[in-house]
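Chemist: Take a look and give me a structure for this.
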Amino acid sequence: MALSVVIMAAGKGTRMRSARPKVLHALGGKPLLGHVVATAEALSPDRCIVVTGHGAEAVEAAFAGAQRVFVRQMPQLGTGHAVQQAVPALADDDGITLVLNGDVPLIREATLRTLVDACAGKNLALLTVDLDNPFGYGRIVRTAEAGDADSIGAVQAIVEEKDATPLQRQITEVYTGILAAPTRLLKGWLARLTNDNAQGEFYLTDVVAHAVSDGVEVRTACAKDETEVLGVNSPMQLSDLERRLQRRHADALMEAGVRLADPARFDLRGTLACGMDVEIDVGCVFEGAVRLGDNVRIGPHCVIRDAEIAAGAVIHPFTHIEGATVGAGTLVGPFARLRPGATLGEEVHIGNFVEVKNSTLANGAKANHLAYLGDATVGERVNYGAGSITANYDGANKHRTVIGADVHVGSNCVLVAPVELGAGATIGGGSTITRTVAPGSLAIGRARQVAFENWERPKKKAK
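Modeler: Numbering: from 1, shown residues only. From the prediction side, this is the model:
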(Lines give C-alpha, C1' and ligand atoms only; values in the text may rest on other atoms or scores of the structure.)
Protein backbone atom coordinates (compact mmCIF):
# COMPACT_ATOMS: atom_id res chain seq x y z
CA MET A 1 0.00 0.00 0.00
CA ALA A 2 1.38 3.40 -1.01
CA LEU A 3 2.66 5.57 1.83
CA SER A 4 2.91 9.37 1.71
CA VAL A 5 4.57 11.37 4.47
CA VAL A 6 3.68 14.99 5.20
CA ILE A 7 6.07 16.89 7.47
CA MET A 8 4.87 20.20 8.88
CA ALA A 9 7.84 22.59 8.97
CA ALA A 10 6.33 26.03 8.38
CA GLY A 11 6.37 27.51 11.88
CA LYS A 12 8.39 30.58 12.79
CA GLY A 13 9.36 29.44 16.26
CA THR A 14 8.89 32.83 17.91
CA ARG A 15 10.07 31.62 21.31
CA MET A 16 13.41 30.55 19.83
CA ARG A 17 14.14 34.30 19.47
CA SER A 18 16.25 33.61 16.40
CA ALA A 19 16.37 34.71 12.77
CA ARG A 20 16.98 31.08 11.83
CA PRO A 21 13.90 28.95 11.03
CA LYS A 22 13.14 26.74 14.00
CA VAL A 23 13.49 23.45 12.13
CA LEU A 24 17.06 24.38 11.14
CA HIS A 25 18.29 24.62 14.72
CA ALA A 26 20.70 21.81 15.48
CA LEU A 27 20.15 18.82 17.74
CA GLY A 28 22.99 16.35 18.05
CA GLY A 29 24.81 18.11 15.22
CA LYS A 30 21.90 17.83 12.77
CA PRO A 31 18.94 20.17 12.08
CA LEU A 32 15.71 19.25 13.82
CA LEU A 33 14.04 18.64 10.48
CA GLY A 34 16.97 16.45 9.43
CA HIS A 35 16.12 13.95 12.17
CA VAL A 36 12.47 13.82 11.11
CA VAL A 37 13.27 13.47 7.40
CA ALA A 38 15.77 10.67 8.06
CA THR A 39 13.26 8.72 10.15
CA ALA A 40 10.47 9.30 7.64
CA GLU A 41 12.59 8.14 4.71
CA ALA A 42 13.58 5.02 6.64
CA LEU A 43 9.94 3.97 6.09
CA SER A 44 10.56 4.03 2.30
CA PRO A 45 7.56 6.23 1.48
CA ASP A 46 6.44 6.81 -2.08
CA ARG A 47 6.69 10.55 -1.49
CA CYS A 48 7.86 12.86 1.28
CA ILE A 49 6.10 16.24 1.32
CA VAL A 50 7.57 19.03 3.44
CA VAL A 51 5.31 21.97 4.26
CA THR A 52 7.42 25.13 4.57
CA GLY A 53 6.57 28.70 5.46
CA HIS A 54 8.78 30.86 7.62
CA GLY A 55 12.27 30.85 6.10
CA ALA A 56 11.00 28.60 3.32
CA GLU A 57 13.91 29.30 0.98
CA ALA A 58 16.51 28.32 3.57
CA VAL A 59 14.62 25.19 4.64
CA GLU A 60 14.05 24.03 1.07
CA ALA A 61 17.68 24.65 0.12
CA ALA A 62 18.89 22.66 3.10
CA PHE A 63 16.69 19.64 2.36
CA ALA A 64 16.37 19.51 -1.39
CA GLY A 65 16.20 15.87 -2.49
CA ALA A 66 14.98 13.83 -5.41
CA GLN A 67 12.21 12.15 -3.41
CA ARG A 68 11.08 15.30 -1.56
CA VAL A 69 8.30 17.67 -2.52
CA PHE A 70 7.96 21.13 -0.97
CA VAL A 71 4.72 23.02 -0.58
CA ARG A 72 4.30 26.36 1.13
CA GLN A 73 1.90 27.49 3.82
CA MET A 74 1.56 31.26 3.53
CA PRO A 75 0.27 32.56 5.89
CA GLN A 76 0.38 29.98 8.68
CA LEU A 77 -3.23 29.40 9.77
CA GLY A 78 -2.88 26.26 11.85
CA THR A 79 -1.92 22.60 11.54
CA GLY A 80 -5.00 21.69 9.52
CA HIS A 81 -4.25 24.51 7.10
CA ALA A 82 -0.67 23.22 6.80
CA VAL A 83 -1.76 19.75 5.75
CA GLN A 84 -4.36 21.23 3.38
CA GLN A 85 -1.47 22.73 1.40
CA ALA A 86 -0.10 19.23 0.86
CA VAL A 87 -3.32 17.83 -0.58
CA PRO A 88 -2.46 18.59 -4.25
CA ALA A 89 0.80 16.66 -3.83
CA LEU A 90 -0.89 13.60 -2.31
CA ALA A 91 -1.57 10.63 -4.55
CA ASP A 92 -5.10 9.91 -5.75
CA ASP A 93 -5.23 6.39 -4.38
CA ASP A 94 -6.27 4.34 -1.39
CA GLY A 95 -2.89 4.62 0.31
CA ILE A 96 -1.92 5.96 3.72
CA THR A 97 -0.76 9.44 4.65
CA LEU A 98 1.48 9.84 7.70
CA VAL A 99 1.62 13.35 9.20
CA LEU A 100 4.72 14.35 11.20
CA ASN A 101 6.03 17.51 12.87
CA GLY A 102 9.35 18.96 11.79
CA ASP A 103 10.14 20.06 15.35
CA VAL A 104 9.60 16.63 16.96
CA PRO A 105 12.99 15.13 16.07
CA LEU A 106 13.39 11.99 18.16
CA ILE A 107 10.39 9.97 17.01
CA ARG A 108 11.45 6.36 16.44
CA GLU A 109 10.99 4.46 13.21
CA ALA A 110 9.48 1.49 15.06
CA THR A 111 6.85 3.73 16.65
CA LEU A 112 5.82 5.11 13.26
CA ARG A 113 5.57 1.63 11.79
CA THR A 114 3.23 0.65 14.62
CA LEU A 115 1.10 3.72 13.88
CA VAL A 116 0.93 2.97 10.15
CA ASP A 117 -0.03 -0.63 10.94
CA ALA A 118 -2.84 0.65 13.19
CA CYS A 119 -4.15 2.71 10.28
CA ALA A 120 -4.14 -0.30 7.95
CA GLY A 121 -5.52 1.86 5.16
CA LYS A 122 -8.97 2.11 6.74
CA ASN A 123 -8.68 3.61 10.24
CA LEU A 124 -7.64 6.98 11.57
CA ALA A 125 -4.63 6.25 13.80
CA LEU A 126 -3.37 8.72 16.40
CA LEU A 127 -0.06 8.59 18.23
CA THR A 128 -0.64 9.36 21.91
CA VAL A 129 1.41 9.46 25.09
CA ASP A 130 0.60 9.69 28.79
CA LEU A 131 2.21 12.70 30.47
CA ASP A 132 2.37 13.64 34.14
CA ASN A 133 2.15 17.27 33.04
CA PRO A 134 0.02 17.44 29.86
CA PHE A 135 -0.14 21.25 29.76
CA GLY A 136 -0.17 22.63 26.23
CA TYR A 137 -1.14 19.36 24.53
CA GLY A 138 -4.45 18.38 22.95
CA ARG A 139 -6.29 15.93 25.21
CA ILE A 140 -7.68 12.61 23.97
CA VAL A 141 -11.38 12.55 24.81
CA ARG A 142 -12.88 9.06 24.94
CA THR A 143 -16.33 7.66 25.52
CA ALA A 144 -17.14 6.20 28.92
CA GLU A 145 -17.68 2.42 28.78
CA ALA A 146 -20.51 1.59 31.15
CA GLY A 147 -19.94 -1.39 33.42
CA ASP A 148 -16.30 -1.84 32.43
CA ALA A 149 -13.89 -0.04 34.76
CA ASP A 150 -10.85 -1.26 32.80
CA SER A 151 -11.98 -0.03 29.40
CA ILE A 152 -10.52 3.23 28.15
CA GLY A 153 -13.35 3.86 25.70
CA ALA A 154 -13.36 4.87 22.06
CA VAL A 155 -11.74 8.10 20.90
CA GLN A 156 -14.32 10.79 20.26
CA ALA A 157 -12.25 13.94 19.80
CA ILE A 158 -9.05 15.82 20.54
CA VAL A 159 -9.52 19.02 22.50
CA GLU A 160 -6.80 21.67 22.37
CA GLU A 161 -5.53 23.18 25.62
CA LYS A 162 -7.12 26.58 25.06
CA ASP A 163 -10.48 25.06 24.17
CA ALA A 164 -10.55 22.41 26.93
CA THR A 165 -12.80 22.51 29.97
CA PRO A 166 -11.25 22.25 33.45
CA LEU A 167 -12.29 18.59 33.57
CA GLN A 168 -10.79 17.84 30.16
CA ARG A 169 -7.52 19.45 31.21
CA GLN A 170 -7.16 16.72 33.85
CA ILE A 171 -6.81 14.11 31.09
CA THR A 172 -3.20 12.86 30.90
CA GLU A 173 -3.45 11.02 27.56
CA VAL A 174 -2.48 13.55 24.93
CA TYR A 175 -2.16 13.73 21.17
CA THR A 176 1.44 14.00 19.98
CA GLY A 177 0.67 15.77 16.70
CA ILE A 178 1.40 12.62 14.68
CA LEU A 179 -1.27 10.66 12.85
CA ALA A 180 -1.82 8.23 10.00
CA ALA A 181 -4.96 8.17 7.89
CA PRO A 182 -6.32 6.72 4.67
CA THR A 183 -5.31 9.31 2.07
CA ARG A 184 -8.69 9.43 0.36
CA LEU A 185 -10.57 9.95 3.64
CA LEU A 186 -8.06 12.47 4.96
CA LYS A 187 -8.58 14.70 1.92
CA GLY A 188 -12.31 14.81 2.62
CA TRP A 189 -11.87 15.56 6.31
CA LEU A 190 -9.41 18.36 5.56
CA ALA A 191 -11.92 19.97 3.22
CA ARG A 192 -14.47 20.10 6.06
CA LEU A 193 -12.24 21.89 8.59
CA THR A 194 -13.36 25.23 10.03
CA ASN A 195 -11.59 27.79 12.22
CA ASP A 196 -14.37 28.17 14.80
CA ASN A 197 -12.12 28.02 17.89
CA ALA A 198 -10.29 30.24 20.38
CA GLN A 199 -7.29 30.65 18.08
CA GLY A 200 -9.19 31.20 14.86
CA GLU A 201 -7.07 28.49 13.23
CA PHE A 202 -7.73 25.31 11.26
CA TYR A 203 -6.86 22.45 13.61
CA LEU A 204 -5.75 19.12 12.18
CA THR A 205 -7.13 17.53 15.35
CA ASP A 206 -10.67 18.29 14.16
CA VAL A 207 -10.39 15.43 11.66
CA VAL A 208 -11.08 13.10 14.60
CA ALA A 209 -14.62 14.40 14.97
CA HIS A 210 -15.17 14.03 11.24
CA ALA A 211 -13.88 10.45 11.33
CA VAL A 212 -16.23 9.62 14.21
CA SER A 213 -19.12 11.27 12.36
CA ASP A 214 -18.34 9.19 9.27
CA GLY A 215 -18.23 5.98 11.30
CA VAL A 216 -14.49 5.46 10.76
CA GLU A 217 -12.75 3.73 13.65
CA VAL A 218 -10.21 5.89 15.48
CA ARG A 219 -7.33 3.84 16.82
CA THR A 220 -4.36 4.89 18.93
CA ALA A 221 -0.78 3.80 19.25
CA CYS A 222 1.10 4.84 22.38
CA ALA A 223 4.70 6.07 22.33
CA LYS A 224 6.94 4.16 24.73
CA ASP A 225 8.42 7.28 26.29
CA GLU A 226 7.83 11.00 26.15
CA THR A 227 11.28 11.79 24.79
CA GLU A 228 10.45 10.59 21.30
CA VAL A 229 7.39 12.85 21.03
CA LEU A 230 8.70 16.03 22.67
CA GLY A 231 8.73 19.10 20.45
CA VAL A 232 11.05 22.10 20.46
CA ASN A 233 9.67 25.61 20.89
CA SER A 234 12.39 27.35 22.90
CA PRO A 235 16.14 27.20 23.55
CA MET A 236 15.41 25.62 26.92
CA GLN A 237 13.42 22.82 25.32
CA LEU A 238 16.14 22.33 22.70
CA SER A 239 18.76 22.06 25.44
CA ASP A 240 16.65 19.55 27.36
CA LEU A 241 16.16 17.43 24.26
CA GLU A 242 19.89 17.58 23.50
CA ARG A 243 20.72 16.01 26.87
CA ARG A 244 18.02 13.38 26.39
CA LEU A 245 19.45 12.50 22.98
CA GLN A 246 23.00 12.35 24.31
CA ARG A 247 21.90 10.10 27.16
CA ARG A 248 20.26 7.83 24.60
CA HIS A 249 23.58 7.67 22.70
CA ALA A 250 25.57 7.15 25.89
CA ASP A 251 23.34 4.33 27.11
CA ALA A 252 23.64 2.53 23.77
CA LEU A 253 27.43 2.79 23.84
CA MET A 254 27.69 1.60 27.43
CA GLU A 255 25.39 -1.33 26.70
CA ALA A 256 27.88 -2.24 23.93
CA GLY A 257 30.75 -2.19 26.43
CA VAL A 258 32.18 1.32 26.06
CA ARG A 259 33.40 2.87 29.30
CA LEU A 260 32.19 6.45 29.63
CA ALA A 261 33.64 8.30 32.60
CA ASP A 262 30.42 10.35 32.88
CA PRO A 263 27.56 9.86 30.40
CA ALA A 264 26.22 13.30 31.34
CA ARG A 265 29.39 14.85 29.89
CA PHE A 266 29.47 13.18 26.50
CA ASP A 267 28.36 14.50 23.10
CA LEU A 268 27.87 12.59 19.87
CA ARG A 269 26.99 14.66 16.80
CA GLY A 270 27.24 11.98 14.17
CA THR A 271 28.09 8.27 14.38
CA LEU A 272 30.57 6.53 16.66
CA ALA A 273 31.64 2.91 16.17
CA CYS A 274 33.72 1.39 18.97
CA GLY A 275 35.70 -1.81 19.42
CA MET A 276 36.13 -3.63 22.71
CA ASP A 277 37.39 -1.98 25.91
CA VAL A 278 37.22 1.59 24.63
CA GLU A 279 37.48 4.25 27.32
CA ILE A 280 36.20 7.82 26.87
CA ASP A 281 36.80 10.49 29.49
CA VAL A 282 34.63 13.52 30.22
CA GLY A 283 33.83 16.43 27.95
CA CYS A 284 34.57 14.72 24.63
CA VAL A 285 32.73 15.63 21.42
CA PHE A 286 32.47 13.26 18.47
CA GLU A 287 31.30 14.65 15.12
CA GLY A 288 30.74 13.14 11.69
CA ALA A 289 31.77 9.49 11.34
CA VAL A 290 34.28 8.26 13.92
CA ARG A 291 35.64 4.76 14.44
CA LEU A 292 37.60 3.70 17.52
CA GLY A 293 39.46 0.38 17.59
CA ASP A 294 39.90 -2.01 20.51
CA ASN A 295 41.49 -0.59 23.68
CA VAL A 296 41.49 2.99 22.45
CA ARG A 297 41.60 5.57 25.22
CA ILE A 298 40.29 9.10 24.71
CA GLY A 299 41.35 11.65 27.32
CA PRO A 300 39.13 14.45 28.59
CA HIS A 301 37.92 17.36 26.46
CA CYS A 302 38.90 16.04 23.04
CA VAL A 303 37.05 16.94 19.82
CA ILE A 304 37.18 14.21 17.16
CA ARG A 305 35.54 14.51 13.75
CA ASP A 306 35.52 12.14 10.76
CA ALA A 307 38.45 10.10 12.02
CA GLU A 308 39.59 6.51 12.40
CA ILE A 309 41.70 5.61 15.42
CA ALA A 310 43.24 2.14 15.48
CA ALA A 311 43.59 -0.32 18.34
CA GLY A 312 45.59 0.68 21.39
CA ALA A 313 45.96 4.34 20.44
CA VAL A 314 45.83 6.91 23.22
CA ILE A 315 44.47 10.40 22.61
CA HIS A 316 45.56 12.65 25.44
CA PRO A 317 43.46 15.57 26.77
CA PHE A 318 42.42 18.63 24.75
CA THR A 319 43.33 17.15 21.38
CA HIS A 320 41.48 18.11 18.18
CA ILE A 321 41.33 15.55 15.36
CA GLU A 322 39.53 16.08 12.05
CA GLY A 323 39.68 14.03 8.86
CA ALA A 324 42.63 12.01 10.12
CA THR A 325 43.73 8.39 10.54
CA VAL A 326 45.65 7.30 13.64
CA GLY A 327 47.57 4.01 13.62
CA ALA A 328 47.70 1.30 16.24
CA GLY A 329 49.53 2.14 19.45
CA THR A 330 50.00 5.78 18.50
CA LEU A 331 50.05 8.51 21.14
CA VAL A 332 48.56 11.93 20.36
CA GLY A 333 48.50 15.05 22.56
CA PRO A 334 47.82 16.63 24.91
CA PHE A 335 46.87 19.86 23.12
CA ALA A 336 47.65 18.44 19.67
CA ARG A 337 45.82 19.07 16.42
CA LEU A 338 45.44 16.65 13.51
CA ARG A 339 43.91 18.37 10.52
CA PRO A 340 42.38 16.81 7.39
CA GLY A 341 44.73 14.49 5.54
CA ALA A 342 46.85 13.61 8.56
CA THR A 343 47.73 9.91 8.44
CA LEU A 344 49.73 8.48 11.32
CA GLY A 345 51.28 5.02 11.21
CA GLU A 346 51.78 2.67 14.14
CA GLU A 347 53.56 3.74 17.34
CA VAL A 348 53.78 7.36 16.18
CA HIS A 349 54.14 10.05 18.85
CA ILE A 350 52.51 13.44 18.36
CA GLY A 351 53.06 15.55 21.44
CA ASN A 352 51.82 18.75 22.99
CA PHE A 353 51.14 21.72 20.72
CA VAL A 354 51.98 19.81 17.54
CA GLU A 355 49.90 20.38 14.40
CA VAL A 356 49.80 17.95 11.48
CA LYS A 357 48.01 18.74 8.21
CA ASN A 358 47.85 16.67 5.00
CA SER A 359 50.90 14.71 6.06
CA THR A 360 51.85 11.06 6.40
CA LEU A 361 54.00 9.88 9.30
CA ALA A 362 55.35 6.35 9.00
CA ASN A 363 55.68 3.88 11.87
CA GLY A 364 57.64 5.08 14.87
CA ALA A 365 57.99 8.72 13.78
CA LYS A 366 57.96 11.32 16.56
CA ALA A 367 57.12 15.00 16.80
CA ASN A 368 56.88 15.53 20.51
CA HIS A 369 56.79 19.29 21.07
CA LEU A 370 55.66 22.58 19.56
CA ALA A 371 55.97 21.66 15.88
CA TYR A 372 54.16 21.94 12.55
CA LEU A 373 54.07 19.37 9.77
CA GLY A 374 52.10 20.46 6.72
CA ASP A 375 52.08 18.74 3.31
CA ALA A 376 54.86 16.39 4.38
CA THR A 377 55.81 12.75 3.92
CA VAL A 378 57.71 11.56 6.98
CA GLY A 379 59.57 8.24 7.05
CA GLU A 380 59.92 5.64 9.78
CA ARG A 381 61.55 6.52 13.09
CA VAL A 382 62.03 10.21 12.20
CA ASN A 383 62.64 12.45 15.20
CA TYR A 384 61.21 15.89 14.47
CA GLY A 385 62.48 18.50 16.89
CA ALA A 386 60.67 21.04 19.03
CA GLY A 387 59.85 24.32 17.36
CA SER A 388 60.48 22.99 13.84
CA ILE A 389 58.10 23.68 10.95
CA THR A 390 57.60 22.91 7.31
CA ALA A 391 57.25 26.16 5.37
CA ASN A 392 54.86 24.68 2.84
CA TYR A 393 53.14 27.80 1.44
CA ASP A 394 54.83 30.36 -0.78
CA GLY A 395 51.94 32.78 -0.75
CA ALA A 396 50.25 31.25 -3.78
CA ASN A 397 50.85 27.48 -3.82
CA LYS A 398 51.44 24.62 -1.38
CA HIS A 399 54.62 22.53 -1.70
CA ARG A 400 55.65 19.19 -0.23
CA THR A 401 58.44 18.21 2.15
CA VAL A 402 59.81 14.66 2.01
CA ILE A 403 61.70 13.39 5.05
CA GLY A 404 63.38 9.99 4.72
CA ALA A 405 63.55 7.25 7.34
CA ASP A 406 65.67 7.79 10.48
CA VAL A 407 66.16 11.51 9.84
CA HIS A 408 66.83 13.64 12.91
CA VAL A 409 65.55 17.21 12.66
CA GLY A 410 66.94 19.44 15.40
CA SER A 411 64.97 22.02 17.33
CA ASN A 412 63.75 25.28 15.82
CA CYS A 413 64.33 24.35 12.17
CA VAL A 414 62.52 25.64 9.09
CA LEU A 415 62.20 23.24 6.15
CA VAL A 416 61.33 25.40 3.13
CA ALA A 417 59.32 23.29 0.69
CA PRO A 418 59.73 21.83 -1.81
CA VAL A 419 62.62 20.08 -0.16
CA GLU A 420 63.79 16.51 0.50
CA LEU A 421 65.84 15.17 3.38
CA GLY A 422 67.55 11.87 2.58
CA ALA A 423 67.31 8.84 4.85
CA GLY A 424 69.47 9.05 7.96
CA ALA A 425 70.27 12.76 7.53
CA THR A 426 70.69 15.07 10.49
CA ILE A 427 69.56 18.70 10.51
CA GLY A 428 71.34 20.91 13.01
CA GLY A 429 69.20 22.88 15.40
CA GLY A 430 68.15 26.35 14.28
CA SER A 431 68.70 25.62 10.58
CA THR A 432 66.74 26.91 7.61
CA ILE A 433 66.90 24.22 4.92
CA THR A 434 66.11 25.21 1.33
CA ARG A 435 67.92 22.53 -0.70
CA THR A 436 67.97 18.73 -0.84
CA VAL A 437 69.99 17.05 1.91
CA ALA A 438 71.81 13.86 0.91
CA PRO A 439 71.20 10.63 2.85
CA GLY A 440 73.35 10.23 5.96
CA SER A 441 74.70 13.78 5.89
CA LEU A 442 74.64 16.63 8.39
CA ALA A 443 73.08 19.88 7.20
CA ILE A 444 73.37 23.18 9.01
CA GLY A 445 71.86 26.36 7.62
CA ARG A 446 72.12 29.20 10.10
CA ALA A 447 73.95 32.49 10.55
CA ARG A 448 77.42 32.32 12.07
CA GLN A 449 77.52 33.33 15.72
CA VAL A 450 79.23 36.67 16.39
CA ALA A 451 79.97 38.11 19.83
CA PHE A 452 80.81 41.78 20.60
CA GLU A 453 82.65 42.24 23.90
CA ASN A 454 81.88 45.18 26.21
CA TRP A 455 78.73 46.02 24.24
CA GLU A 456 76.28 48.35 25.93
CA ARG A 457 72.58 48.36 25.35
CA PRO A 458 71.02 51.64 24.22
CA LYS A 459 69.64 53.74 27.04
CA LYS A 460 66.57 55.94 27.08
CA LYS A 461 67.31 59.63 26.76
CA ALA A 462 66.62 61.73 29.80
CA LYS A 463 63.49 63.85 29.48
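Chemist: residues in contact with residue 334?
Modeler: Residues in contact with residue 334 (CB atoms under 8 Å, 6 or more residues apart in numbering) are 299, 316, 317, 318, 319, 352. All C-beta spots, glycine's among them, are computed from the backbone N, C-alpha and C.
Chemist: again, but for residue 114
Modeler: Contacts were defined as CB under 8 Å, 6+ apart; by that measure residue 114 touches residue 221.
Chemist: now do residue 191
Modeler: When the contact criterion is CB under 8 Å, 6+ apart, the partners of residue 191 are residue 84.
Chemist: Next, give phi and psi for it.
Modeler: Main-chain dihedrals, residue 191, degrees, to the nearest 10: phi -70, psi -20.
Chemist: And the next helix or strand past the helix or strand in which residue 187 is found?
Modeler: With the criterion set as DSSP states H and E, the secondary-structure element containing residue 187 is helix 183-191. With elements assigned by DSSP H and E, the helix or strand that comes after helix 183-191 is helix 207-213.
Chemist: follow-up on the earlier one: buried stuff in the helix holding residue 187?
Modeler: 183, 185, 186, 187, 189, 190 (16 or more other CB atoms under 10 Å).
Chemist: with those in mind, which one is nearest to residue 47?
Modeler: Proximity to residue 47 was ranked across these by CB to CB; first place goes to residue 183, at 10.7 Å.
Chemist: What is the end-to-end distance of stretch 158-177?
Modeler: 10 Å (CA to CA, to the nearest Å).
Chemist: tell me which residues of that stretch are tucked away?
Modeler: The neighbour-count criterion (16+ other CB under 10 Å) identifies 158, 159, 160, 164, 168, 171, 173, 174, 175, 176, 177 as the buried residues of stretch 158-177.
Chemist: Please enumerate residues in contact with that stretch?
Modeler: Judged by CB under 8 Å, 6+ apart, the contacts made with stretch 158-177 from elsewhere in the structure are 79, 99, 101, 104, 126-132, 134-142, 197-199, 203-206, 208, 223, 229, 231.
Chemist: Buried subset of the residues you listed, written for ChimeraX?
Modeler: With 16+ other CB under 10 Å as the burial test, the buried ones among those are selected in ChimeraX as follows:
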select :79,99,101,104,126,127,128,129,131,134,137,138,139,140,141,142,197,203,204,205,206,208,223,229,231
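Chemist: residues making contact with stretch 417-426?
Modeler: For stretch 417-426, contacts defined as CB under 8 Å, 6+ apart pick out 375-376, 379, 390-392, 398-410, 415, 427, 433-443.
Chemist: that older thread, mind checking which of the contacts of stretch 158-177 land in strands?
Modeler: Of the contacts of stretch 158-177, the ones assigned to strands by DSSP state E are 99, 101, 126, 127, 128, 129, 130, 139, 140, 141, 142.
Chemist: ok, which pair from the residues you listed is furthest apart?
Modeler: Taking CB to CB as the measure, the ones in strands among the contacts of stretch 158-177 span a maximum distance of 23.1 Å, between 101 and 142.
Chemist: one step back: narrow the contacts of residue 334 to those in strands?
Modeler: Among the contacts of residue 334, the members falling in strands are residue 352 (criterion: DSSP E).
Chemist: List just the nearest of the contacts of residue 334 to residue 45.
Modeler: Each of those was checked against residue 45 using CB to CB; the closest is residue 319, at 42.3 Å.
Chemist: Give me the pLDDT for that closest one.
Modeler: Among the per-residue scores, residue 319 holds a pLDDT of 98.
Chemist: How about the contacts made by the closest residue to it other than its chain neighbours?
Modeler: Using CB to CB, 6 or more residues apart in numbering and skipping the chain neighbours, the partner closest in space to residue 319 is residue 333 (3.6 Å). Contacts here follow CB under 8 Å, 6+ apart; on that basis residue 333 touches 299, 302, 315, 316, 317, 318, 319, 350, 351, 352.
Chemist: let's see it at 7 Å
Modeler: Contacts here follow CB atoms under 7 Å, 6 or more residues apart in numbering; on that basis residue 333 touches 299, 315, 316, 317, 318, 319, 352.
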